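# Any chance you could fold what I've pasted below:
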Amino acid sequence: MSTSIYFYCNGDEVNSIGKTIETESEKIDTSEDPIFTQIIAEEKQERSVLENSIKYNKRGSVSKELKELDDIFDNDFTCLKGFIIANRNMTSEEIANDANEIWDLMGKYNRQLHNLSLEGQFTNANILFSKLEEPVMKAKIDKMIGVSDCLVKAKASLNNAELCYEELNAQESQIEEVIAPSSQKNILRNIINEKLLPHLNNWNMVQPDKYGALLDAIERRIEEVNAKARARKTRNANDGIEDETTED
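Residues are numbered from 1 along each chain as shown. Next up is the predicted model:
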C-alpha cells in the first residue's frame, strides 16, 4: 500500500506537507506533464486557503502583541500611580493636597486596572484620563513632579493597546467567512492522497530517474508527519483525552 497522509494529521501538519511538495516539485522540470502542473496548481491554491484559515483561527501574532501592549500600559499606569504617591508626600501642602485629590479620583475608576477585563481597563482609563485633562486638574498635574510625563506615556500606551484590540476584533469578525482549518485540511489532504500521490506513483514506474527523488522526498515527509500524528493520538488516548481531529 502506498504512502498517504494519515487522517489524524492536523492543519499545521498537512500544511507543512504541502510546502514540502511545492519545494521539491520545483527541483524538476514537469512542464511536459500538464496533469501534474494542474494538480500542483490546485494544491497551492488550497494550501493557501488552509494557511490563511490557520492564521485567522489562531490569531496568535495579534494576541501576543496585544498582551505585550497591555503589559506596557499596565507598567505605565503603575508608574503614574507611583509618581502621584510620591507627590502626596511632598513638603508643599498645595501639591500634596492636589495629589491626594487626584489619587481619590483614580480610586473612583479603579487603581488596579490590570485586574479588570480589557474592555473594563479601556473604559475606566479613558474616563479617568479625560477627567485628568480637564483644565482644573491639568493645572494641578502640571505643578507636580513627573506626573504629567507619566500621564502622556500612559495615554499613548493605552491608545496602542486599544488599536491592537480593535484589529483583533476585526479579525474575529471575519472568522465566520473563513473555512475552518479542520475542513480545509481535509480538502488539501484529499488532493495529495487521491490525485498527486497516485499520479507520481504512476509516473515513477515509467520514469523513475525523473520522478523517483521527488516521490521519495514527499513520502519521507509524509511518514515523518504521520508518525508524529500517530504518537499524539496514542498519547491522548493513554491520557484519556478525547481526540480532536476535527478541531485544529
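# Contact partners for the residue lying farthest from the centre of the chain?
Centroid-distance maximum for the chain: Glu93 at 50.3 Å, with CA atoms, centre = their mean. By CB atoms under 8 Å, 6 or more residues apart in numbering, no residues touch Glu93. All C-beta atoms are positioned from the backbone trio N, CA, C, and that covers glycine.
# give me phi/psi at it?
Per-residue torsions, Glu93: phi -60, psi -40 (degrees, to the nearest 10).
# and Ala237, what pLDDT?
Looking at Ala237, its pLDDT stands at 76.
# For this structure, which segments are assigned as strands?
Assigned by DSSP state E, the strands in the chain number zero.
# Any stretches of it with poor pLDDT?
In the predicted model, the chain carries pLDDT under 70 at residues 1, 56-62, 171-178, 239-248.
# Recalculate using a threshold of 50.
For the chain, applying pLDDT under 50 flags the ranges 1, 176, 244-248.
# got the domain boundaries for it?
For the chain, automatic domain parsing gives the domain ranges 11-58+180-238, 60-176.
# need those domains in a markdown table with distance to Ser4, can you?
Below are the domains of the chain laid out as a markdown table (distance: least, CB to CB, whole Å):
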| stretch | distance to Ser4 |
| --- | --- |
| domain 11-58+180-238 | 4 |
| domain 60-176 | 30 |
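# Ile5: which of the ones you listed is closest?
With CB to CB as the measure, domain 11-58+180-238 is the member of the domains of the chain nearest Ile5 (4.8 Å).
# Quick one: end-to-end length of that closest one, please.
End-to-end distance of domain 11-58+180-238 (CA to CA, to the nearest Å): 23 Å.
# can you pull the contacts of Leu105?
Leu105 neighbours (CB under 8 Å, 6+ apart): 128, 131-132, 137.
# Am I right that Arg230 is in contact with Cys9?
No - contact criterion CB atoms under 8 Å: Arg230 and Cys9 do not qualify, at 9.3 Å.
# Among those two, which residue is more densely surrounded?
Using other CB atoms under 10 Å as the criterion, Arg230 and Cys9 rank with Cys9 on top: 25 against 13.
# For the closest residue to the more buried one other than its chain neighbours, list the residues it contacts.
For Cys9, ignoring the flanking residues on the chain, the nearest one in space by CB to CB, 6 or more residues apart in numbering is Ala229 at 4.5 Å. Counting by CB under 8 Å, 6+ apart, Ala229 makes contact with 6, 8-10, 13.
# Alright, that wraps it up for me.
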